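S.K.: What follows is a predicted structure for the sequence shown.
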Amino acid sequence: MPKSLSTDLRERLISAVEGGMSRRSAAKLFQVAPSTAMKWVDQKRRTGSVQPRARGCDHRSHRLEAYADEVVTLAKNSDRTLAELADYIQQTHGLRVAPSSIWRLLDRHDMTYKKNRARHRATAP
């Protein structure tokens, strides 16, 4: 994934726009897309900052932290799959989550499951 453009470039473009230049001509001068210049100027007006937003990572599984103890206990004491745990959370708490969010929650709480090849054989060894 490419990196965000520098804060210095963002500040120079915004200074040019605030100095009277149009957004499109400033974008052309600094060799960025016109839509990028418009987004940066809007961000500066809305938030007062030109810092790039956080990229990547998980933004939603924090909703499950309120139910972490319950989910971890269920995962340890039952043979429920991640999909079944997601259905349980939706039925009992009304929170719709993906099985991958449940996996990230269990991973944050150091609960992982490793398969044992010997138990999965069809016949005796």
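M.R.: That came through fine. Just so you know, these numbers come straight off a predicted model, no measurement behind them. Residues are numbered from 1 along each chain as shown.
S.K.: count of residues packed around Ile14?
M.R.: For Ile14, the neighbour count with other C-beta atoms under 10 Å is 19. Quick note: C-beta positions are derived from backbone N, CA and C, even for glycine.
S.K.: let me fix that: Ala98
M.R.: 13.
S.K.: roughly how far apart are it and Leu74?
M.R.: Distance, Ala98 to Leu74, by C-beta to C-beta, to the nearest Å: 17 Å.
S.K.: domains in this structure, as residue ranges please.
M.R.: Here the domain assignment for the chain is 7-47, 61-112, based on automatic domain parsing.
S.K.: now the helix or strand hosting Ala75, how far from the chain's geometric center?
M.R.: Ala75 is part of helix 68-77, with elements assigned from DSSP states H and E. From the chain centre to the centre of helix 68-77 is a distance of 23 Å (C-alpha atoms, centre = their mean, to the nearest Å).
S.K.: Go through that helix and flag the buried ones.
M.R.: By 16 or more other C-beta atoms under 10 Å, the buried positions in helix 68-77 come out as 71-72, 74-75.
S.K.: now what about it, what contacts it?
M.R.: Outside of helix 68-77, the residues within contact range by C-beta atoms under 8 Å, 6 or more residues apart in numbering are 64, 80, 85, 88-89, 102, 105-106, 109, 111.
S.K.: Let me know the secondary structure of Asp42.
M.R.: helix (DSSP: H, G, I helix; E, B strand; the rest coil).
S.K.: so how far is Arg55 from it?
M.R.: Counting by C-beta to C-beta - Asp42 and Arg55 are separated by 19 Å.
S.K.: Look up how far Gln43 lies from Thr7.
M.R.: 12 Å.
S.K.: More neighbours: the two, which one.
M.R.: Ranked by neighbour count (other C-beta under 10 Å), Thr7 and Gln43 place Gln43 first, with 17 against 12.
S.K.: so His93 touches Leu64, yeah?
M.R.: No. Between His93 and Leu64 no contact is recorded; they are 9.6 Å apart, counting by C-beta atoms under 8 Å.
S.K.: All the helices of the chain, residue numbers only.
M.R.: 7-18, 23-29, 34-47, 68-77, 82-93, 99-108 (DSSP state H).
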